[in-house]
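[1] Give me a 3D structure for the following:
(chains A and B)
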Amino acid sequence: MNQTTKKIRTRFAPSPTGYVHIGNIRTALFGYLFAKHNNGTFILRIEDTDRARLVEGAVDNLLRVMKTLGIVPDEGFYLDKNDQVKERGELGPYLQSERLQLYQKHVLELIEKGRAYYCFCSEQRLDELRKEQTALKKPPMYDRHCRNLTKEQVQLEMEKCRSEGRNPVVRQAIPEQGQTVINDLIYGDISYDNSLLDDQVLLKSDGFPTYHLAVVVDDHYMEISHVTRTEEWIPSTPKHILLYKAFGWEAPKFAHMPLLLNPDKSKLSKRQGDVATEDFLKKGYLPQALINFVAFLGWNPKTEQEIFTMDELIKEFDLINVHKSGAIFDINKLDWINGLYIRNMEVGELVKDLIPYWRQAGVDTEKYTEKYLESIALLERERLKKLSEIGDRTHYFFARPEYEAALLVWKKRKSAEASGEGGSDAADAKTKLTMLAGLFETLNETRLTKEDLEEIIKNFIDEHHFDNGSVLWPLRVALTGLEKSPGPFEVASTLAIGLGKTEIIKRLKIAVEKL
RNA sequence: GCUGGUAUCGUCUAAUGGUUAGGACAGAUGGUUCUCAUCCAUCAAAUCGGAGUUCGAUUCUCCGUACCAGUACCA
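    The predicted model follows:
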């Protein structure tokens, strides 16, 4: 019966001003999920109308991040197999700076219809006006000084303006009376008195449109069915609706989404922590974990399931379940989800992802076998919250640690404990390590497997009626240089992984010497 | 200031005109363990305030309050 319903088309329309804000990714994701859920089209349009804020390489970076995260546009810009920026779709160009004539044409149309007008006011006048108004505690608004100029006056001002080397701007002529209502899919009906709306600049003096004009023209011609964007745009939506009316176009549906917030509940910003998506990726947050986490900020499937693949999200996502109130970006929960995803990774895959981080930590991964790296990864897998932690956690497998300071700290602490409640002191540790070194000397290199070592050490402890801790702790410190948690794990595994008999004995001897 | 929006554990959230207001993260405790982590179990933790409607309100209405956003030739 719903054959006539229009195809769902959503867009993500960022400005190429540098890094990719994680809030933008959430916005993009919701638009993407909504489109995909409805077999619709997701479009990427670049809004580069602010020449002053353009950043070289921003589009490239954006597309790379999106591709990594699996948010791939059907139309507009995307990255091809070779990571080259490409554009596709029938309704382009999808770069606003290439659509200037279209905007200018439409501005002229509005002027003709009396829904827009030239404004010749200087920035100084505007500044002073604003100052006066705020001093009087009035809402700062353009006073419509140029709104009712006659044709002749416009002509005159135009000449004057040009002779000074300036260009006028074009402002939207907001109706003086009436109300404009937004029927928002998430927030419901919101109405604004037209008298409170500012005569917004539509075309800047540099000939570029402002967001307000460009977004309306583009969304119309790109046949956007649902405008998905954040809450901060609600106040300008009535102006957009008025523009649609002025053009005689049908407005799309609006779905505003709640903001992502700092811990202090202000709009999520760089000042208060990480917001750049590429930084999260660099730190070793997995794309799918990031997506999963961000999907739950402002949306909920209303079941108790919390872990979703992208496909599952597409299946479950609905604008109806999007909230109205902002969500604080809680890094703790991200860490948990990321850890969970890491734990669920297959080792080979994990090693592949880990290699860049090992390299970053100065490990020449080429020198080691896949198997060696895998056994190390396996040992730390359930402890990792971020991939970037791997270097610090496993450095002693690749080089003998500089751990003399650690040994001393440990020695001091042990002595203190010993004087307290009869624990074993450093001298005791020294004895045991010496014994162990002797024991390892007798071992056949081929017996250095985890299982065998576990048995050997266990037998050693039982034979001498030692405490586990009084043997295993010194052993761990001696081998890894990690004198307390957070740190090592099964000592036997550490030994077995491949330090080799010679290196093990060497480290034990160093420890004995220093204790 | 003006306009608009929002309000459930510290955080993300579920539910309901009658419930012990549920789950997850974080926190605490216990178990497992040579430490950490994992895993399991347990505990603690919330309906912003006031009126009204109602037999009954956290839920509906109104009024407050707090917070947030917008208020550019930025998006």
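
[2] Could you pull up phi and psi at residue A:254?
    phi -110, psi 140 (degrees, to the nearest 10).

[3] Kindly state the beta-bridge partners for it.
    residue A:184, residue A:227 (DSSP bridges).

[4] From the chain's centroid, how far away is stretch A:46-59?
    19 Å (C-alpha atoms, centre = their mean, to the nearest Å).

[5] whoops, stretch A:207-221 was the one
    Using C-alpha atoms, centre = their mean, the offset of stretch A:207-221 from its chain centre is 27 Å.

[6] near RNA strand B at all, that stretch?
    Yes. Using C-beta under 7 Å from any atom of the strand, stretch A:207-221 comes into contact with RNA strand B via A:208, A:210-211. All C-beta atoms are positioned from the backbone trio N, CA, C, and that covers glycine.

[7] could these go into CSV alongside neighbour count, pLDDT and secondary structure?
    Compiled in CSV, the residues of stretch A:207-221 next to RNA strand B are given as follows (neighbours: other C-beta atoms under 10 Å; pLDDT from 0 to 100; DSSP: H, G, I helix; E, B strand; the rest coil):
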residue, neighbour count, pLDDT, secondary structure
A:208, 18, 97, coil
A:210, 19, 97, coil
A:211, 18, 97, helix
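
[8] Could you tell me which ranges of the stretch 51-200 of chain A sit under the pLDDT cut-off?
    Nowhere does the stretch 51-200 of chain A drop to pLDDT under 70.

[9] check which helix or strand covers the closest residue to RNA strand B within it.
    The minimum distance from the stretch 51-200 of chain A to RNA strand B, using C-beta to the nearest atom of the strand, falls at residue A:139 (3.1 Å). Taking DSSP states H and E as the definition, one finds residue A:139 inside no helix or strand.

[10] For residue A:93, which residues are in contact?
    If a contact means C-beta atoms under 8 Å, 6 or more residues apart in numbering, then residue A:93 has A:87, A:99 as its contacts.

[11] Give me the contacts around stretch A:280-287.
    Residues contacting stretch A:280-287 (C-beta under 8 Å, 6+ apart): A:22, A:65, A:68-70, A:274, A:290, A:334, A:338, A:341-342, A:353, A:357, A:384, A:386-390.

[12] Ok, stretch A:182-194 next?
    Counting by C-beta under 8 Å, 6+ apart, A:174-181, A:226, A:231, A:234-235, A:237-238, A:241-242, A:253-257, A:319-320, A:322-324 sit against stretch A:182-194.

[13] quick one: contacts for residue A:140?
    A:129-130, A:133-134 are the contacts of residue A:140 under C-beta under 8 Å, 6+ apart.

[14] thinking again about what came up before, out of the contacts of stretch A:280-287, which are buried?
    Among the contacts of stretch A:280-287, the ones that count as buried by 16 or more other C-beta atoms under 10 Å are A:22, A:65, A:69, A:274, A:290, A:334, A:338, A:341-342, A:353, A:357, A:384, A:386-390.

[15] Hmm, residue A:273 is touching residue A:262, no?
    Yes. Using C-beta atoms under 8 Å, residue A:273 makes contact with residue A:262 at a distance of 7.3 Å.

[16] Compare those two (neighbour count), which wins?
    Neighbours per residue (other C-beta atoms under 10 Å) separate residue A:273 from residue A:262, with residue A:262 holding more: 18 against 12.

[17] Not counting residues beside it along the chain, what's closest to the more buried one?
    residue A:272 (4.3 Å; C-beta to C-beta, 6 or more residues apart in numbering).

[18] I'd assumed residue A:261 was in contact with the one you found.
    No. Here residue A:272 lies out of contact with residue A:261, judged by C-beta under 8 Å, at a distance of 9.7 Å.

[19] Tell me how many other residues crowd the closest residue to residue A:328 other than its chain neighbours.
    Nearest residue to residue A:328, sequence neighbours excluded (C-beta to C-beta, 6+ apart): residue A:261, at 4.7 Å. Residue A:261 is flanked by 20 other residues according to other C-beta under 10 Å.

[20] Is residue A:229 within a helix or a strand, and which one?
    For residue A:229, the element it lies in under DSSP H and E is strand A:226-230.

[21] For that strand, which helices and strands make contact with it?
    strand A:9-12, helix A:22-37, strand A:253-257 (3 or more C-beta pairs under 8 Å, 6 or more residues apart in numbering; DSSP states H and E).

[22] The longest one to strand A:253-257, inter-axis angle?
    When you say that, I think you mean helix A:22-37. Relative orientation of helix A:22-37 versus strand A:253-257 (axes from the mean of the first three to the mean of the last three C-alpha atoms, to 10 degrees): 140 degrees.

[23] chain center to helix A:22-37: distance?
    12 Å.

[24] That helix and RNA strand B in contact?
    No. Between helix A:22-37 and RNA strand B, judged by C-beta under 7 Å from any atom of the strand, nothing touches; the nearest distance is 9.1 Å.

[25] just to revisit the earlier point, so what sits against both of residue A:272 and residue A:261?
    Joint contacts of residue A:272 and residue A:261 (C-beta under 8 Å, 6+ apart) do not exist.

[26] in chain A, which spans are strands?
    In chain A, strands defined by DSSP state E lie at A:9-12, A:41-44, A:75-79, A:85-88, A:116-119, A:169-172, A:179-184, A:188-193, A:201-203, A:226-230, A:253-257, A:260-261, A:327-328, listed in chain order.

[27] excluding its backbone neighbours, what's nearest residue A:95?
    Closest residue in space to residue A:95, ignoring its immediate chain neighbours: residue A:46 at 4.9 Å, by C-beta to C-beta, 6+ apart.

[28] ditto for residue A:59
    Per C-beta to C-beta, 6+ apart, closest to residue A:59 is residue A:16, 4.9 Å.

[29] so what's the closest residue in space to residue A:250 that isn't next to it in sequence up against?
    Spatial nearest neighbour of residue A:250, chain neighbours left out: residue A:244 (7.1 Å); criterion: C-beta to C-beta, 6+ apart. The contact partners of residue A:244, taken as C-beta under 8 Å, 6+ apart, are A:216, A:220, A:250-251.

[30] Could you do residue A:288 as well?
    Residue A:288 makes contacts with A:70, A:309-310, A:341, as judged by C-beta under 8 Å, 6+ apart.

[31] Which one of those residues is nearest to residue A:88?
    residue A:70 (17.9 Å; C-beta to C-beta).

[32] any idea how far the closest one is from residue A:291?
    Distance, residue A:70 to residue A:291, by C-beta to C-beta, to the nearest Å: 7 Å.
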